[in-house]
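Chemist: just coords:
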């Protein structure tokens, strides 16, 4: 359960950063190699997609750690994929 919380908090921090990047704030040096200070429009879309994936990952981690029970089909493949990120 503790590892589910730690992973979820980590993903939440990354999701907040990517939300700010997708809104055009100048935090690009902290993400995607730091090449752009402000993300171009195509990369902003990628940041928004990344936020959705990270929020899904948070839900799967919390469900796998028995913190929440929302009925997601919990597959070991999803957990192994999240572990490898």
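Modeler: That came through fine. Being a predicted model, the structure only gives us computed values, none of them experimental. Residues are numbered from 1 along each chain as shown.

Chemist: going forward, measure contacts and count neighbours with C-alpha atoms only.
Modeler: Fine.

Chemist: Just give me the residue right at the centre of the chain.
Modeler: The residue lying closest to the centre of the chain (C-alpha atoms, centre = their mean) is residue 54, at 2.4 Å.

Chemist: show me what contacts that residue?
Modeler: 11, 12, 14, 15 (C-alpha atoms under 8 Å, 6 or more residues apart in numbering).

Chemist: ok, now with 6 Å
Modeler: Neighbour list for residue 54: residue 11 [criterion: C-alpha atoms under 6 Å, 6 or more residues apart in numbering].

Chemist: helix/strand/coil for it?
Modeler: helix (DSSP: H, G, I helix; E, B strand; the rest coil).

Chemist: can you check residue 68 too?
Modeler: coil.

Chemist: For residue 62, see how far away it is.
Modeler: 6 Å (C-alpha to C-alpha, to the nearest Å).

Chemist: who has more neighbours, those two?
Modeler: Neighbour totals were compared for residue 68 and residue 62, and residue 62 leads with 21 against 12 (other C-alpha atoms under 10 Å).

Chemist: Give me the mean pLDDT for the host helix or strand of residue 10.
Modeler: Secondary structure from DSSP states H and E places residue 10 in helix 2-22. Confidence over helix 2-22 (mean pLDDT, whole number) is 92.

Chemist: Give me the distance between that helix and the centre of its chain.
Modeler: Computed by C-alpha atoms, centre = their mean, to the nearest Å, the chain-centroid distance of helix 2-22 equals 5 Å.

Chemist: Which residues does that helix contact?
Modeler: 44, 47, 48, 51, 54, 58, 61, 62, 65.

Chemist: quick one: low-confidence parts of this protein?
Modeler: Judged against pLDDT under 70, the low-scoring parts of the chain cover residues 75-76, 85.

Chemist: And for the residue nearest to residue 82 when sequence neighbours are not counted, the neighbour number?
Modeler: Ranked by C-alpha to C-alpha, 6 or more residues apart in numbering and with sequence neighbours excluded, the top spatial neighbour of residue 82 is residue 57, at 6.9 Å. Each residue near residue 57 was counted by other C-alpha under 10 Å, and the total is 20.

Chemist: With that, I have no additional questions.
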